[in-house]
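In: Sequence plus predicted model, see below.
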Amino acid sequence: MRDTYRHGDLRRTLIDAGVAVARESGPEAVTLREVTRRAGVVPNAAYRHFANHGELFNSVRDAALTAVADTIEKRLLALGPERATLDYARATLRAVGDGYLHFARAETGLFRTAFVNRFDVTAGAHPSKAGRSGLNPFQLLSAALDRIVRCGGMPAASRPQAEYLAWSAVHGMALLAIDGPLRSLGAADFEGLGERLLKMVEEGIAAR
């Protein structure tokens, strides 16, 4: 173990090590001792870049949020060029939900890390917790809902805070899939159930 780090960016190395720990074992495993061990330095070396464990953990959580956003953006890119149609707008909403559910199952440790304890993904776009678009997961959802309103698929009067309703439904299913009775579902069955949920969300949003 070293008390110095001579090759590259130690701050970035520590965050990457924290992400690896979170991916494997979840947020509780992201301790200062384990992260610095992975990075190959003594624990005190981390204090040159982070004031305390909480600051390091928040950076790891931001990286996890970025990973969620990246997964959602891949689903959005798969829809092709943006179109000013209601069908496209609704497809973006489904893509956001599908990416979110897929990430929860595929990257459970990072998903738990992204949304553990108190978190606020609504506090402006921040590069450390956003995808390539500059938007974090919550903002990607909000953008999809705004697009639906612009295309006439949802009354403007119903738009305020609708993202919380959609997010609650999808996040709830994600938790059931990783910690609850849906854990035993196979991939195909879970995907089918997810499609039904997203259809319910879409139809509920369209209700006037």
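Out: Received it, and whenever you're ready, just let me know what you need.
In: Downstream of the helix or strand containing Gly172, the next helix or strand is which one?
Out: Per DSSP states H and E: Gly172 is located in helix 162-179. Scanning forward in sequence from helix 162-179 by DSSP H and E, the next helix or strand is helix 187-206.
In: Pull out the buried positions in stretch 58-74.
Out: Across stretch 58-74, burial judged by 16 or more other CB atoms under 10 Å covers 59-73. To be clear about C-beta, it is placed using only N, CA and C from the backbone, and glycine gets the same treatment.
In: which residues in the chain form helices?
Out: Along the chain, the stretches classed as helices by DSSP state H are 10-25, 32-39, 53-77, 86-106, 108-114, 137-150, 162-179, 187-206.
In: could I get those as a markdown table with mean pLDDT and distance to Ala130?
Out: Formatted as a markdown table, these follow (pLDDT from 0 to 100; distance: least, CB to CB, whole Å):
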| stretch | mean pLDDT | distance to Ala130 |
| --- | --- | --- |
| helix 10-25 | 96 | 15 |
| helix 32-39 | 95 | 23 |
| helix 53-77 | 95 | 6 |
| helix 86-106 | 97 | 14 |
| helix 108-114 | 96 | 12 |
| helix 137-150 | 96 | 8 |
| helix 162-179 | 95 | 16 |
| helix 187-206 | 92 | 23 |
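In: Quick check: which of those is buried the most?
Out: Comparing those by mean neighbour count (mean count of other CB atoms under 10 Å), helix 108-114 comes out on top with a mean of 24.
In: list the helices and strands it packs on?
Out: For helix 108-114, the packing partners by 3 or more CB pairs under 8 Å, 6 or more residues apart in numbering; DSSP states H and E come out as helix 10-25, helix 53-77, helix 86-106, helix 162-179.
In: Could you save the ones you listed as JSON lines and add columns showing distance to Gln139?
Out: Output for the helices and strands packed on helix 108-114, formatted as JSON lines (distance: least, CB to CB, whole Å):
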{"stretch": "helix 10-25", "distance to Gln139": "21"}
{"stretch": "helix 53-77", "distance to Gln139": "8"}
{"stretch": "helix 86-106", "distance to Gln139": "10"}
{"stretch": "helix 162-179", "distance to Gln139": "9"}
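In: quick revisit: would you reformat the helices of the chain as TSV and include distance to Asp120?
Out: Shown next, in TSV, are the helices of the chain (distance: least, CB to CB, whole Å):
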stretch	distance to Asp120
helix 10-25	19
helix 32-39	23
helix 53-77	10
helix 86-106	17
helix 108-114	12
helix 137-150	9
helix 162-179	13
helix 187-206	23
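In: Among those, which comes closest to Ala156?
Out: helix 137-150 (5.6 Å; CB to CB).
In: and the angle from that closest one to helix 53-77?
Out: Orientation check (axes from the mean of the first three to the mean of the last three CA atoms, to 10 degrees): helix 137-150 against helix 53-77 gives 40 degrees.
In: distance between helix 137-150 and the chain's centre?
Out: 15 Å (CA atoms, centre = their mean, to the nearest Å).
In: do stretch 155-172 as well
Out: Distance, centroid of stretch 155-172 to centroid of chain: 17 Å (CA atoms, centre = their mean).
In: just stretch 177-188 next, same as before
Out: On CA atoms, centre = their mean, the centre of stretch 177-188 falls 19 Å from the chain's centre.
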